[in-house]
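In: Build me a model from this:
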Amino acid sequence: MHVPRPSKETEELFRSVVPEAPDVRIRPMFANLAAFVNGNMFAGLFGDQVGVRLPDQAVRDELLAIDGAGPYGPPERPMGGYVSMPEAWKSEPDRLREWIGVALDQVRAMPPKAPRGAAAK
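Out: Residues are numbered from 1 along each chain as shown. Below you'll find the predicted structure:
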């Protein structure tokens, strides 16, 4: 599977729309960038796609109903629970910020993910 790389402009945009908070981390993932809270990804790049994780199906459907929104990740295997935001929103960073904020709130409410290598008890 080919993993597209984001442009420098998309990386800069992503960094600018992810909220700064003590529990939020942006880190590289598969040649892209992803934002995490409590070890769980809530937003990311797949090439130049900006996607968000929306565990609440009704909220996910609301975003999917917007023209230009769609599956996030590889076309042959999109990531479940994630939505790619409309490409046109790159010129409307406040809309990206709004939905990334929704994703952050939803994912922040999830149980923290155990660190890799942590033994199950």
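In: need the contact list for Val59.
Out: 102, 106 (CB atoms under 8 Å, 6 or more residues apart in numbering). For the C-beta atoms, the positions are set from N, CA and C on the backbone; glycine is no exception.
In: how does it look with 7 Å?
Out: Under the criterion of CB atoms under 7 Å, 6 or more residues apart in numbering, the neighbours of Val59 are Val102.
In: in which helix or strand would I find it?
Out: With the criterion set as DSSP states H and E, the secondary-structure element containing Val59 is helix 57-64.
In: what does the model give the residue nearest the centre of the chain for pLDDT?
Out: Averaging the C-alpha coordinates of the chain gives a centre point, and the residue nearest to it by CA atoms, centre = their mean is Ala43 (1.6 Å). Reading off the confidence values, Ala43 has pLDDT 98.
In: Where does it sit: helix, strand or coil?
Out: What DSSP: H, G, I helix; E, B strand; the rest coil gives for Ala43 is strand.
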